[in-house]
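Q: Just to be clear, the model below is a prediction. Sequence and coordinates:
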Amino acid sequence: MARSVWKGPFVDGFLLNKADAARASGRNEIIRIWSRRSTILPQFVGLTFGVYNGKKFLPVQVTENMVGHKFGEFSPTRTFTGHAADKKAKRG
């Protein structure tokens, strides 16, 4: 179920502070975040975030098309290695 409109998008407060600090410094460094549930806002466009997937930080370059989505959508937590049946078929 979607979040109600009157509440607005959810973004952790520390994330806004980190993004403002990165914009002010002018350096293009990766901002490490653990908040996969935060919504991507227009002021994040052009910044690079390292989104934690449970094992490592995956770099996510925010573009205009990502606004409104969640950070977790761009940092998969599971790696698909293929089906066992496919490996048998290739050998035989």
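A: Yep, that arrived.
Q: So which residues of the protein form helices?
A: Counting by DSSP state H, residue ranges of the helices within the chain are 13-25, 84-91.
Q: Looking at these, which one is packed in the most?
A: Mean neighbour count, computed with mean count of other Cβ atoms under 10 Å, is highest for helix 13-25 among those, reaching a mean of 13. Heads up, the C-betas are built off the backbone N, CA and C, glycines and all.
Q: which outside residues touch that one?
A: Here helix 13-25 makes contact (Cβ atoms under 8 Å, 6 or more residues apart in numbering) with 29, 31, 33, 35, 38, 41, 43-44, 47.
Q: Compare the residues you listed and tell me which is most surrounded.
A: Phe44 (24 neighbours; other Cβ atoms under 10 Å).
Q: give the contact list for that residue.
A: Counting by Cβ under 8 Å, 6+ apart, Phe44 has contacts 19, 62, 67.
Q: Settle this for me: the last one is touching Val11, isn't it.
A: This points to Val67. No: taking Cβ atoms under 8 Å as the contact criterion, Val67 and Val11 are not neighbours in contact, 11.8 Å apart.
Q: any common contacting residues for the two?
A: Residues touching both Val67 and Val11 by Cβ under 8 Å, 6+ apart: Leu41.
Q: Looking at those two, which has the bigger crowd around it?
A: Using other Cβ under 10 Å as the criterion, Val67 and Val11 rank with Val11 on top: 18 against 15.
Q: Now His83: phi and psi?
A: When read as degrees, to the nearest 10, the backbone of His83 gives phi -90, psi 150.
Q: what's the neighbour count on it?
A: Neighbours of His83 using other Cβ under 10 Å come to 9.
Q: Can we start the residue count at 388 from this point?
A: Noted, 388 is the first residue going forward, which turns the last one into His470.
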